[in-house]
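**Student:** no sequence on this one, just coordinates:
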């Protein structure tokens, strides 16, 4: 059965991107520093293994419209070679790329995740974008968080965990790995909070 997984790199002070995200600066100003563990040619064996695991386990992707807008020209393809579902307010035709297809969904996070699970062939559905992650986590739709902590203090930018309300969310840490560039953490979201079967539809269109 497909899991819904958030895989993201975050600074030590909680930012997943720098300020002023745009087509010119897809990760915000200074945000590429967070992904040095992937971009650096001296990537460690630990980092390479984690990156390969994510690619191999991903069967579909759900991302927000803003993530699509700032990323598609950088990727020149889908971010992973699988079907991708883009949350948006406006109906658009599917966009076929070299390695997969972008399908645009107007019905919210829950609908997009349902469509993604239907084509993921039992593999993980990877969730991209802070807004989508916050909506899915609050609604009990997220099963696992793979979090890379970069050894940097950004000071400003796009925070990953905001707008979650006041209810405490319990996580179980299931793995920790370290490299010279980043610390890899994996968390399971407590089952009693994962209520995706009965969760109401939520909107997360701009992450």
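**Tutor:** Sure thing, it's come through. In this text the structure is predicted, and so the values were computed from the model without any measurement.
**Student:** who's in contact with the spatially most central residue of the chain?
**Tutor:** Nearest residue to the geometric centre of the chain (C-alpha atoms, centre = their mean): residue 128, 2.6 Å. The neighbours of residue 128, taking C-beta atoms under 8 Å, 6 or more residues apart in numbering as the test, are 8, 61, 62, 63, 64, 67, 79, 207. No exception for glycine: its C-beta is placed from N, CA and C like everyone else's.
**Student:** helix or strand for the second one, which one?
**Tutor:** Here residue 61 is covered by strand 58-64, with elements defined by DSSP states H and E.
**Student:** Show me the helices in this structure, by range?
**Tutor:** 36-39, 45-57, 65-75, 109-119, 130-138 (DSSP state H).
**Student:** what about the nearest residue to residue 12 once chain neighbours are set aside, distance to residue 33?
**Tutor:** Here the nearest residue to residue 12 in space, its sequence neighbours aside, is residue 153; by C-beta to C-beta, 6 or more residues apart in numbering that works out to 5.6 Å. According to C-beta to C-beta, to the nearest Å, residue 153 and residue 33 sit 10 Å apart.
**Student:** swap in residue 177?
**Tutor:** Between residue 177 and residue 33 the distance, using C-beta to C-beta, works out to 20 Å.
**Student:** Likewise for residue 94?
**Tutor:** Taking C-beta to C-beta as the measure, residue 94 and residue 33 are separated by 34 Å.
**Student:** most neighbours, which of the contacts of residue 128?
**Tutor:** With neighbours taken as other C-beta atoms under 10 Å, the top of the contacts of residue 128 is residue 62, carrying 30 neighbours.
**Student:** quick revisit: pick out whichever of residue 153 and residue 33 has more residues nearby.
**Tutor:** Between residue 153 and residue 33, counting by other C-beta under 10 Å, residue 33 is the more crowded of the two (15 against 10).
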